[in-house]
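> Sequence and predicted structure below; questions after.
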Number of protein chains: 4
Amino acid sequence: MNTGVKVLDKQERKKYISEKTLELISEKGLTNLTMEDVAFSCNLSKGSIYNYFKNKNSLIVSAFSALLEKVQNFFEENESVLSQDCAEASADFYANLYSEILNTFPSKELMRLFEILMNSTHDQSMMKILTQTFKENYGKILGKFEKLFNSKTKAFMLQAMFDGLVIYRAVGIEFSNEEIKNNFKKMILSFTEDNKN
Amino acid sequence: MNTGVKVLDKQERKKYISEKTLELISEKGLTNLTMEDVAFSCNLSKGSIYNYFKNKNSLIVSAFSALLEKVQNFFEENESVLSQDCAEASADFYANLYSEILNTFPSKELMRLFEILMNSTHDQSMMKILTQTFKENYGKILGKFEKLFNSKTKAFMLQAMFDGLVIYRAVGIEFSNEEIKNNFKKMILSFTEDNKN
Amino acid sequence: MNTGVKVLDKQERKKYISEKTLELISEKGLTNLTMEDVAFSCNLSKGSIYNYFKNKNSLIVSAFSALLEKVQNFFEENESVLSQDCAEASADFYANLYSEILNTFPSKELMRLFEILMNSTHDQSMMKILTQTFKENYGKILGKFEKLFNSKTKAFMLQAMFDGLVIYRAVGIEFSNEEIKNNFKKMILSFTEDNKN
Amino acid sequence: MNTGVKVLDKQERKKYISEKTLELISEKGLTNLTMEDVAFSCNLSKGSIYNYFKNKNSLIVSAFSALLEKVQNFFEENESVLSQDCAEASADFYANLYSEILNTFPSKELMRLFEILMNSTHDQSMMKILTQTFKENYGKILGKFEKLFNSKTKAFMLQAMFDGLVIYRAVGIEFSNEEIKNNFKKMILSFTEDNKN
DNA sequence: TATGAATGAGCCTTCATTCAT
DNA sequence: AATGAATGAAGGCTCATTCAT
C-alpha cells in the first residue's frame, strides 16, 4: 500500500476541483453554481465530487481558501522586492503596487471573495469558518501596512479602500489608474506622517 | 370609478411590499428569500405579489432601489446642516458624519446592497438596471465630495473606503470608531490640500 | 372567503393522500415508496404532495394513523354486538371474533403496521410519535380484554399472539382457522378462570 | 496450493462479515445499513465485500440466517436440560425458559428478524429464500412444543405470542416478567390438558 | 484478493410561477 | 384584486455496484 502517494493524489485532486469550482463561481456566481457544473467541468460524475467534498458548502469553503491563497500570493509576489525605509519611496512603491494589482488582478475574482462572504452571512457555521480564513489571510496582507503605518486601523482603511474600488470596478464603474495611483500615494503619505512625530 | 386613487394605492402597496422585502433580505439574505416569505410578511397570498411585481427579480430591483433611497436619505439628513467653506471644518464635519454613519447605519443593511449587486453580476439584465440605479444614487451622495475635492476619483476613493469598512464590519471585523474618525479626517485633509494650489 | 369549506377540503385531501399512500405501502413496502409514486397514484404532481405534508415522514405517520384507525374500526365494528357476561360465552365470542378478523383482515395490511413501526426504530422522533399513536389505538382495542381478564398483561399477551399470527400468515405460514379458533377459546377461558376466584 | 484451506478461510470470512452485518443491522436498522458501513466495520474496503457476497441482498440473507441460527442456539442451549414428562413440570419449565429468553435475549435483535422479513415482503426472490430459512429454523424450535402439545397449531400460537411480545417490548411497551411467566404457564397447561384425554 | 475511485440512477425537497375561482 | 392549489423543473445528496490497478 503506497498510501503516501495516494494521499497526495487525493489532495491534489481536491485542489484541482477547488480551482475549477473557483472558475465556475467567477462565471456563474455562487447561487447558480451546481454540483453538476462542477462535476462536468472536472470531467467527473456528480457522485465523484462527493468523494472529495462532504457537501457543496465544504467545496465552497475550499474554493474560497484557494482564492484567498491566490490573492495573497499575488500580493506577495509583487511585493517581494523589498520594503523601503524612506517614507516617500514606500508610498511610491505601494501606490504603484496597489494600482497595478487593481489594474491587473481580475476584479471579478476578488469580488467573488466578498460575494462568497456575504452569501454566507446567513449560515452561522459557514460564516464562522469563512471569516476565520478571511482574517488569517488578510492579516498577512495587512502586515506590511501595519508596520508602515504603525497602525492596524490605518492598514484596514487602506485595504478597505482597495477592496471597495475592486467592487466598484467589478460592477462597471470606471476610473483612471493614474489618478488612483496618485491619490493612493497621497493617502499613504498622509497616513505615514504621524510616524515622524 | 376613481382610478386615480387606485393607481396611487397600487404604488403605495408596491412600496410597502418593497420595504417588507428589504427587511426580509436583511434578515435572511438574498438567496434564502422566497416569494412565500414576502407574501407572508405582507399578509398577502403568494399569487398577489405577482399582481404588483412581474417576477422575483423585479421585486428585488425595487427593494434595491428602496434601499439606495434609504441610504441616500440617511446621508442627506445628516448632511443637511450646511456645507462648510473652511477645509479644516469640512474635514471635521465629514469625518464625523461618516464615522457616525458607519457606526449607526446597520452595517448588514448596507452590505446587502453589495450582496444584491454581486449576486446580479451573472445576470446581464439585472446587472444593467441595478448598476444604473446604483450609479445614480451614489452619484448624488458623491456629489458633495466631488465638489469638496474637486475630483470625482477622490470622491469615489473615499466612498470606496467607507463601503469597504462597512463590509469588513459586517463580516465581523472590529475597529475603533475614534481612530477611524481621526484617520478619515486626515485623509480628507490630504485630499483637499491640492485645491489650495 | 369560505374558509370553513376549504379547510374541510384540505383535511379530506390529506386523508385521501394518506389512504393512497397506505395502499402503496402495502404494495411496495416502506422503503420502496417514493413521493413520485404517491403523487402519481393521487393524480397530483410531486410538488403538490408537499402542500399537504411537510415531508415523507409526516406522510408516513399520517398513513400509519389511518391504518391504525382502520384496524380499530374493524375490531369495533365486529365487536359492537355486546359484551357477554358468561365466561364461556365471552370466550366463544372473542375466539370467533379474532379468528374471523385474522381470516378476513388483510394480513399484509396489519403487518405493515409493524413494518412501519420497526423501520422507525432508528429514528427517534418518528419512533416517538408512532409508538404514541400505536399505544393509544391498541389501548382502546385491548380495553375489552383488560376488563374480561381483569389484567393488562393478559390482554397484551392475547393481542401479541394475534399479531404474531398475523405476521406468520403474512410471510406465508398457513394454519387451519378452525384449530386457531378452538385454541383461542381455550386460552381465553384459561385466562378468565382466575377471575372466579 | 492448499485450496482446501483457502475455501475454509473464505467461508469463515463470510461468516465473520455476516455477523458484523448483523450487529450493524441491530444498531442502525436495515434501511440505514450501507455497504460502506459493513466494509468499515469489517476493516475491509467496499469492493472487497463483493468478493464474498454477490450483492447487498445476499449479504442480508446471510446475516438473516446467522441471526436465526443464533436464536435457535439460544433456545437450544437453555433447553438442553431435558424434556420433562409431567405436564406441570413441563409447563413450569417452558414458562421459565420463555420468560427468561424474553428477558435476556436482546429484543431488538429478535425484532430485526421480523424487520428483515417484512421488508422483503415486496421482493419475491428475497421473500422466498428468507421465509424458507425462517420456516426451517422455527420448525426446529417449534418441534418441542409440537411434541408437548401434540399440535403444530398450538406450537405456532405459543411462539407467535412470544414473538408478538418481543415486538411490543422492542417498540417500548413494558410489562412485568413475573406476570408473563405465570400466564405462560397457565396457557401451556391449558394447551396440554387435551392430551390427557 | 484487495482496493477505493468512479459511476449514475434515483430520491427528497424547494420554489418561482401560473391559473381557475 | 386576491387566493392558494397545482405545477414541474431543478438541485443536493446517497449508495449499490463496477472495475482498473
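Thanks, I have the structure now.
> And for A:Arg169, the neighbour number?
As a burial measure, A:Arg169 scores 20 neighbours (other C-beta atoms under 10 Å in any protein chain shown). (Each C-beta comes from the backbone N, C-alpha and C, glycine too.)
> Please, which helix or strand holds it?
helix A:152-170 (DSSP states H and E).
> What residues does chain A have near chain C?
Neighbours of chain C within chain A, by C-beta under 8 Å from any C-beta of the partner chain: none found.
> how about the helices in chain A?
All helices of chain A, identified by DSSP state H, fall at A:3-28, A:35-41, A:46-52, A:56-79, A:87-104, A:107-119, A:124-149, A:152-170, A:177-196.
> Out of these, the one nearest C:Thr21 is which?
Among the helices of chain A, the nearest to C:Thr21 by C-beta to C-beta is helix A:46-52 (29.5 Å).
> Could you list the single helix or strand in chain A with the lowest mean pLDDT?
helix A:107-119 (a mean of 77; mean pLDDT, DSSP states H and E).
> Model confidence at the closest residue to A:Leu130 other than its chain neighbours, what's the number?
Excluding its sequence neighbours, the residue lying closest to A:Leu130 (C-beta to C-beta, 6 or more residues apart in numbering or on different chains) is A:Ser120, at 5.1 Å. Looking at A:Ser120, its pLDDT is 83.
> Could you do A:Val171 as well?
pLDDT, A:Val171: 81.
> give me the number of residues near the residue of chain A found nearest DNA strand E?
As assessed by C-beta to the nearest atom of the strand, DNA strand E sits closest to A:Gly47 within chain A, at 1.7 Å. A:Gly47: 9 surrounding residues under other C-beta under 10 Å.
> Let me see the contact set for A:Ile25.
A:33, A:60, A:63, A:112, A:115-116 (C-beta atoms under 8 Å, 6 or more residues apart in numbering or on different chains).
> try 7 Å
A:33, A:63, A:112 (C-beta atoms under 7 Å, 6 or more residues apart in numbering or on different chains).
> Next, format those as CSV and append distance to chain B and neighbour count.
What follows is those, written out as CSV (distance: C-beta to the nearest C-beta, whole Å; neighbours: other C-beta atoms under 10 Å in any protein chain shown):
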residue, distance to chain B, neighbour count
A:Leu33, 10, 19
A:Ala63, 16, 26
A:Arg112, 8, 22
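> Please identify which of these is nearest to chain C.
Of all the contacts of A:Ile25, chain C sits closest to A:Leu33, with 23.5 Å by C-beta to the nearest C-beta.
> Would you check that that closest one makes contact with A:Leu24?
Yes - counting by C-beta atoms under 7 Å, A:Leu33 touches A:Leu24, with 5.6 Å between them.
> So for A:Ser26, what's the pLDDT?
pLDDT at A:Ser26 comes out at 84.
> Now for it, how many residues are close by?
18.
> I'd assumed A:Leu113 was in contact with it.
No - using C-beta under 7 Å, A:Ser26 makes no contact with A:Leu113, being 10.6 Å away.
> How many residues are close by the closest residue to A:Glu88 other than its chain neighbours?
Spatial nearest neighbour of A:Glu88, excluding adjacent residues (C-beta to C-beta, 6+ apart): A:Leu189 at 7.3 Å. Per other C-beta under 10 Å, the neighbour tally for A:Leu189 reads 16.
> is it true that A:Leu189 touches A:Phe93?
No - contact between A:Leu189 and A:Phe93 fails when scored by C-beta under 7 Å: they sit 11.9 Å apart.
> quick one: A:Phe114 and A:Lys14, what's the gap?
24 Å (C-beta to C-beta, to the nearest Å).
> who has more neighbours, the two?
A:Phe114 (24 against 16).
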